[in-house]
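[1] task: produce atomic coordinates for the following.
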Amino acid sequence: MKTCKVKIDHLLSITDKQKLWSLSYDQTKIYNAALQYTKENSFDYKQMHLVTKDLRNNLEMSSPAKMSQNTVFRLISSWKSFLSLRKTDPNARPPTKFASTWDFQPLIFDWNSGLGFKIRDRKLELRADYKSYLSIKLPDYAIKCLEEVDFIVQEIKISIQDKNFYLSITLKDLNQVLSFNKDNWLSIDPGLTHIISLVTSDGIAIKYQNNQFKNLERQVSAIQSKMDKKKKYSKRYNKLRLKFKKKLRSSSNKNKNFQHCLTADVIHFCKENDIGSIFYGDIQTKKLTKSKTASTGLNKSTQNRGSLNRTKQFLQYKAGLNGIAFSLVNEAFTSKTNCYTGELYGNMNLGIRSVEIEPGIVIDRDINAAINIARRTLGTWSPQLSWIRDISMTEKYIVV
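    The predicted structure is shown next:
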């Protein structure tokens with residue numbers, strides 16, 4: 001499954017945009033009605049669906065029923081995220097804020113046998129009440145995505161970003177999910193300089209260098225420094241603020257693109273080597289800021305950029321799509337533990353990048369941690385000295 005996102009604002013007339021805003025107003029009412037029910041009653045999806053169904057019928061809304069269900073699902077996802085965060089974060093807040101009619105609600109159309117939308121003659125036809133509601137000419141990039149023979153359209157989403165309309169097309173892979181050998185595993189230790197350090201059951205070790213886009217980050221910092229010296233909300237300040245937001249968005253998009261390419265390369269490596277299991281060292285990045293021993297640089301890198309957590313989510317998602325088992329493992333003290341004897345090293349500051357397993361056998365610190373993560377997952381397995389000695393390590397750099 002993959003998503004193709006294109007800008008369509010320049011392809012829409014004023015009437016087209018008014019029709020999309022009309023559908024958005026309907027979804028705002030649906031969202032607020034479902035939210036009001038959760039405030040006054042228990043969390044019951046069936047009752048929420050009946051409430052929104054009655055609202056659609058009473059107001060004679062033209063938006064598809066499936067779109068209203070997707071809006072309710074969005075609210076349910078927000079509640080699930082809150083209930084999950086509340087276990088570890090006492091400051092987590094429930095989704096109690098009503099949606100505003102000034103904000104455009106994302107419009108999600110399911111395929112639904114063509115009742116929600118149709119694609120023909122290089123045009124996207126949105127349907128409401130079983131009739132054509134709006135026709136949008138598709139750009140060349142979207143047509144190219146649709147022409148891939150191994151994918152079919154599952155759903156489309158229309159949203160607004162930076163006051164421009166965007167179309168996201170989700171494509172579903174027609175090929176059956178391949179079955180890989182679960183006995184072949186890959187163990188990963190995440191980090192900052194090397195965002196992924198992995199070792200396989202066959203003794204192959206790879207370290208992926210992190211791409212931090214330092215030049216772009218320096219530009220962001222320089223603009224922010226200039227903003228701090230200007231009078232707030234002055235013309236010069238507002239001009240710098242727009243430039244700052246543009247550079248910050250560019251930095252975020254480049255990092256996300258890098259993480260997509262990185263995780264795709266790891267999954268491709270698993271397919272080539274028939275690896276059916278991934279063990280991932282789980283770093284609780286939100287706890288790092290509360291830790292007195294964590295360094296300031298580490299906190300900035302993990303909190304502000306979000307690279308560690310997002311890489312984990314991307315890899316977990318892509319592994320599931322390809323039928324590869326994904327396990328999260330507590331990585332505490334894995335880099336400070338001898339992967340052969342299981343003993344803790346004494347003085348192991350971050351400046352020490354290699355460890356001595358046995359006299360004459362030295363391996364990379366991160367690879368040692370990845371082996372310990374595999375040991376914790378497998379339980380009864382322990383590496384042999386000959387296997388450790390024969391590990392071949394390479395470094396890779398993902399170019400985006």
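[2] count the residues that sit near P95.
    For P95, the count of nearby residues is 17 (other CB atoms under 10 Å). Bear in mind the C-beta positions are built from the backbone N, C-alpha and C, glycine included.
[3] how about the strands of the stretch 51-200 of the chain, start to end?
    Taking DSSP state E, counting those that start in this stretch as the criterion, the stretch 51-200 of the chain carries its strands at 107-110, 117-120, 123-128, 131-137, 151-161, 164-173, 185-190, 194-200.
[4] shouldn't M393 be within a helix?
    No - read with DSSP: H, G, I helix; E, B strand; the rest coil, M393 is strand and lies in no helix.
[5] any idea what it is bridged to?
    With DSSP bridges as the criterion, M393 is bridged to A205.
[6] what's the pLDDT at it?
    M393 is assigned a predicted lDDT (pLDDT) of 88.
[7] just confirm it contacts A205, I think it does.
    Yes - using CB atoms under 8 Å, M393 is in contact with A205, at 4.0 Å.
[8] overlap in contacts of these two?
    Here M393 and A205 have 364, 367 as joint contacts, going by CB atoms under 8 Å, 6 or more residues apart in numbering.
[9] looking at these two, which one has more neighbours?
    Between M393 and A205, counting by other CB under 10 Å, A205 is the more crowded of the two (20 against 15).
[10] tell me the pLDDT at that one?
    pLDDT, A205: 94.
[11] ok, it to S392 distance?
    7 Å (CB to CB, to the nearest Å).
[12] quick one, phi/psi of A99?
    phi -70, psi 140 (degrees, to the nearest 10).
[13] how close does it get to R93?
    Relative to R93, and taking CB to CB, A99 is found at 16 Å.
[14] which segments of the chain make up each domain?
    The chain is divided into the following domains under automatic domain parsing: 2-173, 185-396.
[15] which one of these lies nearest to S179?
    Between S179 and the domains of the chain, the shortest gap by CB to CB is with domain 185-396, which sits at 6.1 Å.
[16] endpoints of the closest one, how far apart?
    Separation of the first and last residues of domain 185-396 by CA to CA, to the nearest Å is 20 Å.
[17] most tightly surrounded among the strands of the stretch 51-200 of the chain?
    strand 185-190 (a mean of 27; mean count of other CB atoms under 10 Å).
[18] what's in contact with that strand?
    196-201, 266, 269-270, 275-281, 283, 308, 311-312, 315, 331, 334-335, 366-367, 369-371, 373-374, 377-378.
[19] give me the phi and psi for the closest residue in space to I195 that isn't next to it in sequence.
    Among residues not flanking I195 along the chain, N210 sits closest, at 4.0 Å (CB to CB, 6 or more residues apart in numbering). N210 adopts backbone torsions of phi -80, psi 140, taken as degrees, to the nearest 10.
[20] pretty sure N210 is touching N255, no?
    No - N210 is beyond contact range of N255, at 9.7 Å (criterion: CB under 8 Å).
[21] common neighbours of the two, please.
    S307.
[22] low pLDDT regions in the stretch 301-400 of the chain?
    For the stretch 301-400 of the chain, the stretches with pLDDT under 70 are 301-306, 400.
[23] what segments of it are strands?
    325-330, 354-358, 361-364, 392-396.
[24] can you add distance to A34 and give the ones you listed back as CSV?
    As requested, those are exported to CSV (distance: least, CB to CB, whole Å):
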stretch, distance to A34
strand 325-330, 32
strand 354-358, 54
strand 361-364, 52
strand 392-396, 47
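[25] now tabulate the strands of the stretch 51-200 of the chain in TSV and tack on distance to D89.
    Formatted as TSV, those follow (distance: least, CB to CB, whole Å):
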stretch	distance to D89
strand 107-110	28
strand 117-120	39
strand 123-128	39
strand 131-137	41
strand 151-161	27
strand 164-173	29
strand 185-190	21
strand 194-200	25
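[26] closest to E217 out of those?
    It's strand 194-200; of the strands of the stretch 51-200 of the chain, that one is closest to E217 (CB to CB) at 15.6 Å.
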